[in-house]
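Peer 1: Pasting the sequence and the predicted coordinates here, then a few questions.
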Amino acid sequence: MRTELTNGFGKVYFTTEYDTASRWVYNNWIGYQTYVGVLAGADACLHPLRENACPYLLNDNRQVLGPWDHAVEWIATDWAPRASSQGLTHFAHVVSSESLAAQSAQSMFLGIGGRLHMRMFSRLDEAQQWLREAQQHSVGR
């Protein structure tokens with residue numbers, strides 16, 4: 001089931017859903033991100049991760065505009081530990097080419113540290129391939 005979050009203007013700024021065929025949760029972030037919006041979206045994706053016992057997250061920021069540094073510390077210190085404790089192991093983050101959004105993504109990457117297997121990508125297909133390889137590796141264990 002797809003979840004959409006809208007801002008005060010009624011515009012969708014975040015969607016999340018479990019992709020049954022790919023066996024990962026896909027987040028799509030759109031436009032400018034407020035602190036409250038980032039918290040709401042990040043928390044919203046925990047539900048499909050938990051409901052599907054899914055260790056894989058594809059976080060798409062290609063349509064994000066502007067920085068979201070205001071939420072980086074919260075993601076690293078609050079959200080990431082909760083996501084990890086409920087089973088998230090692999091976090092593929094597709095960054096926006098917009099430089100301020102990319103800088104925020106780099107800060108998040110550094111803040112999450114060793115809690116999760118996290119990689120940043122500039123292309124969606126590369127992120128998907130990395131998640132597929134991680135899934136194949138976990139089946140081979």
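Peer 2: That came through fine.
Peer 1: Can you tell me the centre-most residue of the protein?
Peer 2: Nearest to the mean C-alpha position of the chain, counting by CA atoms, centre = their mean, stands residue 59 at 3.1 Å.
Peer 1: Surely that residue and residue 92 touch.
Peer 2: Yes - if you go by CB atoms under 8 Å, residue 59 and residue 92 touch, sitting 6.8 Å apart. (C-beta placed from N, C-alpha, C; glycine too.)
Peer 1: Following the chain onward from the lowest-mean-pLDDT helix or strand in the chain, which element is next?
Peer 2: Of all regular secondary-structure elements in the chain, judged by mean pLDDT, DSSP states H and E, the least confident is helix 99-112 with a mean of 78. Next along the chain after helix 99-112, taking DSSP states H and E as the criterion, comes strand 117-121.
Peer 1: That following strand versus helix 99-112: what angle between them?
Peer 2: Angle, strand 117-121 to helix 99-112, by axes from the mean of the first three to the mean of the last three CA atoms, to 10 degrees: 170 degrees.
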